[in-house]
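**Student:** take a look and give me a structure for this.
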Amino acid sequence: MRLLHTSDWHLGRTLHGLDLLDHQATALDQIVEIAEAESADAVLVSGDVFDRAIPPVEAVRLLEQTLRRLTEHATVIVTSGNHDSAARLGYGSSLFPDRLHVVTRAERTGHPIELEDQHGPVIVYPFPYLDPDGCRHTLATGDEPLARSHEAVCTAAMRRVWEDIDAREARGMRTVVMAHAFVVGGIPPDTSESERDIRVGGVDSVPSAVFDGASYVALGHLHGPQEPKAQDGATRLRYSGSPLRFSFSEAEQEKSVTVVELDASGVAEIRPIPIAQPRPMARITGTLDEILTDPDFAAHEEAWAQVTITDAARPPQMRERVAHRFPHLLEIRHAPPASTIGTSTGVANPRKTDPLHVMRDFVEHVTGQPATDTELTCLQTSHDAVLVGERED
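**Tutor:** Coordinates of the predicted model:
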């Protein structure tokens, strides 16, 4: 059996104000083409279909079109992630065609979708994102709620899986689990700035051993493709990663979908297939003169760029000048050499601190040089005008 594993589409997301929907449509076109070219038996989408709970109408239409196209080639199984509204994503799921399964309710955990090939059945257990606060009663076996942690709710979900398998007398059968969680095992995970923090009680991770015994665990949540190490040696866990780069922390990540080949005994092969990106991404740091003239930066002139200017004083018209060389500039920062501004360990008392001193320090912190007499006069005049207005009110 051939599975196509993807996740974290984040439809409707923007990148520093840039609308990505057209680029997301192109990436999903590639996924549909891969599903057809690979003759995938099933497509697994492991959560974060949308970027927010109430997605733009255009994003909803794009999902509808993509799922319709995918179901022309394969069975499609979709789960909700922590960015999705489970109720909205799952609305009408009971009316969907037989080849489309959208799983968004924790109550469905332990109820599989059965596939079959020449070697027999493959049982897929889709987990929606299991929020500990929302699931600790739903997944508990008695009146006592589960511990308030991701590990506890995922362990309870896997308990339901094994109870179902035992009821089928199917131990040893090829089993696939879909989960949207921060799973750790063996090596430190490759995380991204664009992944929403899911910590509960200060802990966000689930040990990979929770999933021991499954043939393949199709993970979502982390945007870089990677494989947490399983404890039992037979289980394969993998994050397919997002199809597009969603932050500059992902600039070096190679985006892909994952093809999983199952033979009679389990996972025979895992192959990433690249997804072409709309543009490269580049992080560039230097003085303004270096940014504008250094030939080493020429390779990044057509990239989506994040530029950090290191001049001691904030250069005038900084963005406009940098954008002339890097027309696809998305973010610019001024990071002067370290100063002592704002390093005090004390807490300012606004009743004892001259507001002009606060404004003066702020100007020096932002520009990297002391405020001029003209700037101080302007700040004082503005502050006095505000006080007059407050007294008149």
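**Student:** can you show me the helices along the stretch 251-393 of the chain?
**Tutor:** All helices of the stretch 251-393 of the chain, identified by DSSP state H, counting those that start in this stretch, fall at 288-293, 318-325, 355-367, 373-392.
**Student:** just the stretch 51-200 of the chain next, same as before
**Tutor:** In order along the chain, the stretch 51-200 of the chain carries the following helices (DSSP H, counting those that start in this stretch): 57-70, 86-89, 132-135, 150-167.
**Student:** same list, those helices, but as JSON lines with distance to residue 265 and mean pLDDT please.
**Tutor:** In short, each C-beta sits where N, CA and C put it, glycine included. What follows is those, written out as JSON lines (distance: least, C-beta to C-beta, whole Å; pLDDT from 0 to 100):
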{"stretch": "helix 57-70", "distance to residue 265": "28", "mean pLDDT": "96"}
{"stretch": "helix 86-89", "distance to residue 265": "34", "mean pLDDT": "88"}
{"stretch": "helix 132-135", "distance to residue 265": "33", "mean pLDDT": "90"}
{"stretch": "helix 150-167", "distance to residue 265": "16", "mean pLDDT": "95"}
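**Student:** out of those helices, which comes closest to residue 287?
**Tutor:** Smallest distance to residue 287 across those (C-beta to C-beta): 40.4 Å, for helix 57-70.
**Student:** need the residues that contact that closest one.
**Tutor:** The list of residues contacting helix 57-70 from outside it, by C-beta atoms under 8 Å, 6 or more residues apart in numbering, reads 9, 11-12, 21, 24-25, 28, 31-32, 35, 43, 49-51, 76, 78, 100.
**Student:** next, the contact list for residue 93, please.
**Tutor:** 101-104.
**Student:** quick one, which of those are buried?
**Tutor:** With burial judged by 16 or more other C-beta atoms under 10 Å, the buried subset of the contacts of residue 93 is 101-104.
**Student:** re the thing from before, got a markdown table for the helices of the stretch 51-200 of the chain, with mean neighbour count too?
**Tutor:** Converted to a markdown table, the helices of the stretch 51-200 of the chain look like this (neighbours: other C-beta atoms under 10 Å):
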| stretch | mean neighbour count |
| --- | --- |
| helix 57-70 | 17 |
| helix 86-89 | 18 |
| helix 132-135 | 17 |
| helix 150-167 | 19 |
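**Student:** columns distance to residue 112 on top of those, output as CSV?
**Tutor:** Below are the helices of the stretch 51-200 of the chain laid out as CSV (distance: least, C-beta to C-beta, whole Å):
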stretch, distance to residue 112
helix 57-70, 20
helix 86-89, 19
helix 132-135, 18
helix 150-167, 7
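**Student:** just flag the most distant two among the buried ones among the contacts of residue 93.
**Tutor:** The span of the buried ones among the contacts of residue 93, defined through C-beta to C-beta, is set by 101 and 104 at 10.6 Å.
**Student:** now render the buried ones among the contacts of residue 93 as a markdown table, adding distance to residue 204.
**Tutor:** What follows is the buried ones among the contacts of residue 93, written out as a markdown table (distance: C-beta to C-beta, whole Å):
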| residue | distance to residue 204 |
| --- | --- |
| 101 | 27 |
| 102 | 25 |
| 103 | 22 |
| 104 | 21 |
